[in-house]
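K.L.:
Return a 3D structure for these sequence lines:
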Amino acid sequence: LRRMLDNQIQPDVVVIATMMSMYLKAQDYPRVRDYYELLEKYRLPVNDAIASILMEVVEAKGDVKEAERLFEELCRSVFVPTHGMMRSLMSVYGSVGDIKGVRKCFRT
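P.N.:
The predicted structure is shown next:
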């Protein structure tokens, strides 16, 4: 990625998703956010893989309100919630014992 940027080659969604995934696995959430900002800088679309990665970051934080907000925002971007997005949302609800929230996911 650094070589691409040094040579003024705009990275594509696949490159950014790969970097975000790598930092997600390393649990380096600020770096995931940095790459999301890069995605926005180049006005690249949020694809299913990136939507799932963002939901996993929120899942790791366990913030229900943020998970719901992000889920709704991402649904406007990707149109149909991905399996990963749904799993992350259900996991956040489950982590706080919100059974109604988990059930709500099955009706989405």
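K.L.:
State the pLDDT value of the residue sitting nearest the centre point of the chain.
P.N.:
Nearest to the mean C-alpha position of the chain, by C-alpha atoms, centre = their mean, lies L54 at 1.4 Å. With respect to pLDDT, L54 scores 87.
K.L.:
next one: K100
P.N.:
pLDDT, K100: 91.
K.L.:
Return the residues in contact with the closest residue to G84 other than its chain neighbours.
P.N.:
Leaving aside its chain neighbours, G84 sits nearest to S52 (3.1 Å; criterion: C-beta to C-beta, 6 or more residues apart in numbering). All C-beta atoms are positioned from the backbone trio N, CA, C, and that covers glycine. Residues near S52 by C-beta atoms under 8 Å, 6 or more residues apart in numbering: 82-85, 88.
K.L.:
so of those, which ones are in helices?
P.N.:
With helices taken from DSSP state H, the overlap with the contacts of S52 comprises 83-85, 88.
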